[in-house]
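Chemist: Below are the sequence and a predicted model for it; my questions follow.
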Amino acid sequence: MADSNAKPVLLHYRGWRGTLHGDGVAATFGFLGVQTTLFALAALVPSGLVRLGLLAIFLANFALVTRSRAWPIARVALLMLFRRRLFWGLYALSVMVFLCYFFGQYLMSWAQGLLGESEIRVGGVTRVQPKWLLETLRDTLHFNGSALTFRDFFWFEANTVMIALAFSGAVLIGNDLRFGSMAFYLGKPITTWHYLLGKGLAVATFLNLFTTLPAVVLWLQFGMLESWDYFTEQSHLLLGILAYGLVLSSSLTIVLLATAAWLRHTVPLIMAWMTLFVFAQAVSTAMVDGLRFSPRWRLLDLWNCTYVIGNALLDADPMKMRPSPQPAVWEASVVLLGVCIACLSYLIPRVRAVEIVQ
Amino acid sequence: MGGPTSGPGSAFASREPILLCQRLSKWYGAVRGVLDVTLELRGGLTGLVGANGAGKTSLIRLITGQLRPDSGSVHIAGVAAHKPAARRLIGYCPDVDAFYEEMSGRAFVREMARLCGYSAPEVRRRTDAVLSRVGMTDRADRPIRGYSKGMRQRVKLAQALLHDPPLLVLDEPMSGIDPVGRAEFVTLFRELADQGKCLLLSSHELDELEKLTDHVVIMSNGRVAAADTVSRIRERLVSAPLTFRLDVQRGETGRRHRQLAAQLLDRVPAIRSLEVSEPSDLVGRLLLQTETPQAFLAAIHTLILEEWYEVQHLQAVDESTAAVLEYLLASRR
């Protein structure tokens, strides 16, 4: 069976003398502990510079994830996703929102330098007063590097992210359960928790490519346009962006894993996801804005719950939230936590049973 | 190196068994998957045969730790099968063909090697070695999408060999492989067994497994119906009593079934008992226990052709023995 000129080297071979990586449970908890401590310290220290240093270590530590036993699973899932044209189409849509903010901030910075002039020519098409342009960019569109900029950016990314997650759910996890690929993973010396962690890492990476990563780039861009002091004075915004990203990643990852494990097929998954995030949003909007019911009806919309929590994490003015009125932060947190617990309580027995028999 | 032993009274040799299943049972709700299976493997090649739904796949999943037993235990070289540590000792080649089609065979095997916990250079070395071992070196960089069934089986086998496990559990490893490929696989399996590995191969076809090994475990209805060398099972079956139920048209006289009973008593040696009943006006029933089931089957075959008996139903009542018989007869056809 072996190639005629190749002497098999493995199965008649010397015993491997290296050390196998452990199962990584202690390392995983250690990593989570270090990251939580770094993040908590970054939130507590008054100095912007120290905070930036701590956040830089926090972000750099994520490189260690690639050494995890779960990373090969995440890597395969992401590679499968990156090979699909649909992913790149949706990512292009998401990048358009980012570019709108990117050049909007650039436009504002440019307009600020022209305040002395009575009129400026925009895009070679029309002439406007710099003051009017500045007010529009700053007060209406919030292209000013404030907490509102990043909060709105996350909000506008909602639709693309939801569609992308709905389509990717089956690729990331549903197909493994449906076609039995899990048997390959579970035949290896890993636990089902490694499997779930790997898939969770893939979803979280995917989600952050759409949301947190571009938001951090916008924060860096505004600092470079404005002044270097922006980085230290507004370092709490970076903290808020990362916290918002963590809330989004953890909650949506758990919800996606549970729905994908339950439904497995792409079409039902898309339908369920649309019900959760589009239909629920429409119902809540109709209830609150149309029928003038309590703003608590907005709690039906999970993305809105993350929006309310994200607004608080970015320390943005709650009165400037759109749409408004909104439920309280604690109410949104309770709903999101409840959904996550419900999803986990579905996933845990499923993981423990490891019933892959049809 | 030894074959399988089965039954609660199996005596252990001095060396620790590589696979030890003790009174293993698994139920899926009201459906029986595996019932009271005791099995001990110490090395060599062992075949696992049984009809669809006989419990082969459930047993394999219990052995590979993917399912937990409702009662009983499975140990791989002394380690409980459901623990991840046990999976370092098992190489599992599933029957499913659920690959990531866009990946190349090499990339797939490499990712599987990473999951074993090896360092990057070791991952590369092992990937190259196992692909060479299964004869896929020159085709490993093509996407799996374009692979034939045989190439897919080779890739599956390669990922099972990655961590050089002492126990290899191969679910239908030769399905869809052409005769040349089969011969290559047989050689490879023998080489692996000669190196001291324990191989458990499941298959529907006993004659296919017979070419590889005498040792077989025949499963029926979730139980181990027989576990020994094929020749010894045959010997035991010759003297094992088997009960048949036979429904025959009574004919115009209403006594045709009684005539058949008399002729069977004449022709079949070692009939232990014969019970005649008339469940309806049209049908007569014989319940016959014989120590020579093959002689009985030959006799009934001749009588149907010569005397035109209208047999409506013929069934071996003892399911386990029937399953063994069915396999042995099928392998001789």
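Modeler: Noted; the coordinates are in hand.

Chemist: Need the pLDDT of the closest residue to chain A within the stretch 101-250 of chain B.
Modeler: Closest residue of the stretch 101-250 of chain B to chain A, CB to the nearest CB: residue B:129 (3.2 Å). (Glycine included, C-beta is placed from N, CA and C.) Per-residue pLDDT puts residue B:129 at 92.

Chemist: what does the one 3 residues further on give?
Modeler: What the model reports for residue B:132 is a pLDDT of 91.

Chemist: do the one 10 residues further on as well
Modeler: pLDDT, residue B:142: 92.

Chemist: Going by neighbour count, list what's buried in stretch B:279-290.
Modeler: Residues of stretch B:279-290 classed as buried by neighbour count (16 or more other CB atoms under 10 Å in any protein chain shown): B:283, B:284, B:285, B:286, B:288, B:289, B:290.

Chemist: no, scratch that, I was asking about stretch A:281-296
Modeler: Buried-residue list, stretch A:281-296, by 16+ other CB under 10 Å: A:281, A:284, A:285, A:287, A:288, A:295, A:296.

Chemist: Including pLDDT, secondary structure and distance to residue A:227, could the residues you listed go into CSV?
Modeler: Compiled in CSV, those are given as follows (pLDDT from 0 to 100; DSSP: H, G, I helix; E, B strand; the rest coil; distance: CB to CB, whole Å):
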residue, pLDDT, secondary structure, distance to residue A:227
A:281, 89, helix, 39
A:284, 93, helix, 41
A:285, 92, helix, 40
A:287, 92, helix, 45
A:288, 92, helix, 41
A:295, 92, helix, 39
A:296, 93, helix, 42
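
Chemist: With distance to chain B as extra columns, can I get those residues in TSV?
Modeler: Below are these laid out as TSV (distance: CB to the nearest CB, whole Å):
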residue	distance to chain B
A:281	34
A:284	39
A:285	40
A:287	42
A:288	44
A:295	45
A:296	41
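
Chemist: Provide the secondary structure category for residue B:37.
Modeler: strand (DSSP: H, G, I helix; E, B strand; the rest coil).

Chemist: list the contacts for it?
Modeler: When contacts are counted by CB atoms under 8 Å, 6 or more residues apart in numbering or on different chains, residue B:37 touches B:6, B:21, B:23, B:24, B:25, B:55, B:59, B:72, B:222, B:223, B:224.

Chemist: Is it possible to mark the buried ones in the residues you listed?
Modeler: B:6, B:21, B:24, B:25, B:55, B:59, B:72, B:222, B:223, B:224.

Chemist: I'd say the third one and residue B:40 touch.
Modeler: Which is residue B:24. No: using CB atoms under 8 Å, residue B:24 is not in contact with residue B:40; the gap is 11.6 Å.

Chemist: shared neighbours of these two, anything?
Modeler: By CB under 8 Å, 6+ apart, no residue touches both residue B:24 and residue B:40.

Chemist: downstream neighbour of whichever helix or strand residue B:126 is part of in the secondary structure list?
Modeler: Per DSSP states H and E, residue B:126 falls inside helix B:120-133. Proceeding N to C from helix B:120-133, the next assigned helix or strand is helix B:149-161, under DSSP H and E.

Chemist: by contact count, what packs against whatever helix or strand comes next after that following helix?
Modeler: Note on helix B:149-161: by DSSP H and E, the next helix or strand toward the C-terminus is strand B:167-171. In terms of contacts (3 or more CB pairs under 8 Å, 6 or more residues apart in numbering or on different chains; DSSP states H and E), strand B:167-171 is packed against helix B:56-63, strand B:90-93, helix B:149-161, strand B:198-203.

Chemist: Helix, strand, or coil at the closest residue to residue B:115 other than its chain neighbours?
Modeler: When the adjacent residues along the chain are set aside, residue B:115 lies closest to residue A:188, with 4.2 Å between them (CB to CB, 6 or more residues apart in numbering or on different chains). When classified by three-state DSSP, residue A:188 comes out as coil.

Chemist: residue contacts, residue A:188?
Modeler: Counted by CB under 8 Å, 6+ apart, residue A:188 has contacts B:87, B:112, B:115, B:116.

Chemist: got a list of contacts for stretch A:243-257?
Modeler: Here stretch A:243-257 makes contact (CB under 8 Å, 6+ apart) with A:39, A:150-151, A:154, A:161, A:165, A:169, A:172-173, A:196, A:199-200, A:203-204, A:207-208, A:211-212, A:215, A:273, A:276, A:302, A:306, A:309-310, A:313-314, A:336, A:339-340, A:343-344, A:347.
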